[in-house]
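A.B. asks: Predicted structure and sequence below. I'll ask about it afterward.
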Amino acid sequence: MFLLVVVSCQKPSHGDFTKEPEVKIDVAEIKKRGYINALVDNNSISYFIYKGQPMGYEYELLNRFAQYLGVSLKITVTSGVDLAIDKLNKGEGDLLAFPLTVTRERTEYVAFSDAHFHSYQVLVQRKPEQYRTMGIDDINKQVIRNPVSLIGKPVYVLQGTSHQERLKHLSEEIGGSIDVRVDTAIFESESLIRKVALGEIDYTVADHFIARVNASYYPNLDVDTPLSMAQQVAWATRKNSPQLIGAMNTWMAQIKKEGIFMVIYNRYFKNPRTSLIRLKSDYSSLGGSKLSPYDTLFKIQAQKLGWDWRLFAALVYQESHFVSTGESWAGARGLMQLMPATAERFGASDPDNPEQSIKAGAGYLKYLDEYWQPKVKDKDERVKFILASYNAGLSHIVDARKLAIKYGRNPEKWDDHVAYFLLKKSEPKYYRDPIVMAGYCKCEEPVNYVIEVLERYEQYRIHIAG
């Protein structure tokens with residue numbers, strides 16, 4: 001299960017970060033608490049939303065690694081290597097799942113896994129204005145192909161990156177100073193590539209795999225001038241987590257042997273056409289600001305509910321993945337997966353019609369909200385009761401609330417209170433209790449439903465403007 005996504009942007013000054021582990025958390029502790037917390041970079045490859053669904057090279061691998069460990073996955077989106085190392089060593093993450101270049105300096109602060117793959121650094125520059133009508137030889141004459149030509153020229157990099165370190169060494173190698181400009185005002189790893197494409201700066205440096213993905217989106221970029229030898233790209237953990245490093249290496253060797261790794265790698269690094277589609281899609285957090293073709297309808301109905309429209313969208317995605325004509329095994333239909341009687345009650349004569357389905361679903365949610373308002377005063381808590389009721393039916397949640405009252409738990413709290421007794425409704429002692437009206441329920445699904453909808457909402461809040 002995917003637990004939570006948060007964003008961190010408070011970047012420490014270069015060199016001013018925690019260099020030694022302040023906690024001892026290894027595989028045993030991770031398994032005991034039930035989840036692994038991964039720090040993920042903010043870029044167009046590692047983790048993003050596409051058509052409502054989380055995707056990304058790091059995201060897919062992390063899901064598989066969490067399953068291998070038998071735990072859930074928690075992700076923290078963290079911009080900047082210094083900040084990521086700082087959070088890792090403070091125990092605010094267990095695993096630094098960046099596409100991270102292995103350098104001698106970094107091995108002083110973290111322990112690296114075996115290499116995922118090898119990369120090299122390239123110069124990112126613009127092609128000539130008339131490049132579309134020019135031959136390759138003519139383009140090569142007007143762009144920098146020899147690093148010596150960088151002497152005296154301003155090249156922008158982010159603070160604390162291997163690119164900054166590489167330019168320092170390159171200046172020594174070519175016998176002249178490159179004007180290295182360190183940008184500390186922005187944290188996104190691809191922000192400088194975007195600035196080159198838009199003509200705000202002339203040069204930056206990037207790892208070739210990220211540069212090529214961005215060049216598919218910005219065709220005026222040239223990324224064919226190498227600035228380094230091959231370098232290892234890996235994940236990292238704290239230096240005092242040997243079990244975790246061992247588990248990562250064993251798991252990585254296994255998925256490489258099975259071919260799973262190359263399938264995921266090729267999906268994000270070897271298919272520029274697919275990358276371009278994602279980057280240009282209105283329904284991608286990389287290049288657009290929409291979740292689905294129905295966002296306008298979501299916003300109208302969410303406003304009537306007093307909900308953030310992205311929460312409403314998260315529920316709809318959970319129900320139908322934004323497919324308007326789906327039918328469940330039980331006969332629920334449409335975007336909102338309404339049962340026929342519920343659809344008719346709230347005005348949807350054609351549940352496959354997106355507008356009717358969304359309006360009727362919102363009507364049902366409003367009904368549930370009005371039911372729970374006098375019983376659950378806190379709005380955030382009430383949302384959990386509403387979501388569970390939408391999934392499992394109102395009667396089962398009412399039963400669980402009665403049991404919470406009977407056994408001395410808080411009937412206005414969901415987690416570990418009403419949700420606890422909803423799970424207990426599969427045990428005879430509880431579903432045969434005289435106060436229980438709806439009887440037996442194998443209710444893991446509605447409990448997980450609440451978690452998953454709210455987690456998806458957090459993802460949407462991070463990536464999609466409100």
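C.D. replies: Thanks, I have it.
A.B. asks: Pick out the least confidently modelled helix or strand of the protein, by mean pLDDT.
C.D. replies: strand 2-8 (a mean of 50; mean pLDDT, DSSP states H and E).
A.B. asks: can you tell me the average pLDDT over the helix or strand that comes right after that one?
C.D. replies: Using DSSP states H and E, the helix or strand that follows strand 2-8 in sequence is helix 27-33. In this model, helix 27-33 has an average pLDDT of 96.
A.B. asks: how much distance is there from helix 27-33 to the middle of the chain?
C.D. replies: 23 Å (C-alpha atoms, centre = their mean, to the nearest Å).
A.B. asks: name the helices or strands packed onto it?
C.D. replies: Under the contact definition 3 or more C-beta pairs under 8 Å, 6 or more residues apart in numbering; DSSP states H and E, helix 27-33 sits against helix 57-69, helix 242-258. For glycine as for every other residue, the C-beta is placed from the backbone atoms N, C-alpha and C.
A.B. asks: let's see 6 Å
C.D. replies: On a contact count with 3 or more C-beta pairs under 6 Å, 6 or more residues apart in numbering; DSSP states H and E, helix 27-33 meets helix 242-258.
A.B. asks: Show me what the helix it packs on is packed against.
C.D. replies: For helix 242-258, the packing partners by 3+ C-beta pairs under 6 Å, 6+ apart are helix 27-33.
A.B. asks: what about 10 Å?
C.D. replies: helix 27-33, helix 57-69, strand 95-101, strand 111-112, strand 231-237, helix 260-269 (3 or more C-beta pairs under 10 Å, 6 or more residues apart in numbering; DSSP states H and E).
A.B. asks: Parallel or antiparallel, which strands does the fifth one pair with?
C.D. replies: Pairing partners of strand 231-237, with direction, according to DSSP bridges: strand 95-101 (antiparallel), strand 111-112 (antiparallel), strand 117-119 (antiparallel).
A.B. asks: Just the C-alphas of the first one, formatted as PDB.
C.D. replies: Coordinates of the C-alpha atoms in strand 95-101 are reproduced here as PDB (Å, rounded to 0.1, in the frame of the first residue of the first chain):
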ATOM      1  CA  LEU A  95      16.200   5.500   1.500                       C
ATOM      2  CA  LEU A  96      17.400   8.200  -0.900                       C
ATOM      3  CA  ALA A  97      15.800   7.100  -4.200                       C
ATOM      4  CA  PHE A  98      17.200   9.800  -6.400                       C
ATOM      5  CA  PRO A  99      18.900   9.000  -9.700                       C
ATOM      6  CA  LEU A 100      22.000   9.800  -7.800                       C
ATOM      7  CA  THR A 101      25.600  10.000  -9.200                       C
END
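A.B. asks: could the helices and strands packed on helix 242-258 go into a markdown table alongside distance to residue 366?
C.D. replies: A markdown table is the format used below for these (distance: least, C-beta to C-beta, whole Å):
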| stretch | distance to residue 366 |
| --- | --- |
| helix 27-33 | 38 |
| helix 57-69 | 34 |
| strand 95-101 | 41 |
| strand 111-112 | 53 |
| strand 231-237 | 46 |
| helix 260-269 | 41 |
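A.B. asks: Single out the most deeply packed of these.
C.D. replies: Sort the helices and strands packed on helix 242-258 by mean neighbour count, taking mean count of other C-beta atoms under 10 Å, and strand 95-101 sits at the top with a mean of 25.
A.B. asks: Give me the below-cutoff pLDDT ranges for the protein.
C.D. replies: For the chain, applying pLDDT under 70 flags the ranges 1-15, 50-51, 184-189, 272-289.
A.B. asks: where's residue 362 relative to residue 302, distance?
C.D. replies: With distances taken as C-beta to C-beta, to the nearest Å, residue 362 is found 8 Å from residue 302.
A.B. asks: now do residue 123
C.D. replies: Taking C-beta to C-beta, one finds residue 123 at 46 Å from residue 302.
A.B. asks: Over to residue 399. Which of the three states is it?
C.D. replies: Assigned with DSSP: H, G, I helix; E, B strand; the rest coil, residue 399 falls in the helix class.
A.B. asks: Surely it touches residue 439?
C.D. replies: Yes - here residue 399 reaches residue 439: they are 8.3 Å apart, a contact under C-beta atoms under 10 Å.
A.B. asks: Find the residues that touch each one of those two.
C.D. replies: Counting by C-beta atoms under 10 Å, 6 or more residues apart in numbering, the common neighbours of residue 399 and residue 439 are 425, 431.
A.B. asks: Among residue 123 and residue 302, which residue is more densely surrounded?
C.D. replies: residue 123 (24 against 20; other C-beta atoms under 10 Å).
A.B. asks: Confirm that one sits in a strand?
C.D. replies: Yes - under three-state DSSP, residue 123 sits within a strand.
A.B. asks: Out of the helices and strands packed on helix 242-258, which is closest to residue 343?
C.D. replies: Smallest distance to residue 343 across the helices and strands packed on helix 242-258 (C-beta to C-beta): 34.0 Å, for helix 57-69.
A.B. asks: then the closest one to CSV, C-alphas only?
C.D. replies: Provided in CSV are the C-alpha atoms of helix 57-69 (Å, rounded to 0.1, in the frame of the first residue of the first chain):
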residue,chain,number,x,y,z
TYR,A,57,11.0,5.2,-12.6
GLU,A,58,11.7,5.5,-8.9
TYR,A,59,8.0,5.2,-8.0
GLU,A,60,7.6,1.8,-9.8
LEU,A,61,10.9,0.4,-8.4
LEU,A,62,10.0,1.6,-4.9
ASN,A,63,6.6,-0.1,-5.0
ARG,A,64,8.3,-3.3,-5.9
PHE,A,65,11.0,-3.0,-3.3
ALA,A,66,8.4,-2.3,-0.6
GLN,A,67,6.6,-5.4,-1.7
TYR,A,68,9.8,-7.3,-1.5
LEU,A,69,10.3,-6.2,2.1
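A.B. asks: So which elements touch it?
C.D. replies: Using 3+ C-beta pairs under 10 Å, 6+ apart: helix 57-69 touches strand 2-8, helix 27-33, strand 35-40, strand 72-78, strand 95-101, strand 231-237, helix 242-258, helix 260-269.
A.B. asks: residues in contact with residue 59?
C.D. replies: Counted by C-beta under 10 Å, 6+ apart, residue 59 has contacts 2, 5, 38, 40, 45-48, 73, 75, 97, 264, 268.
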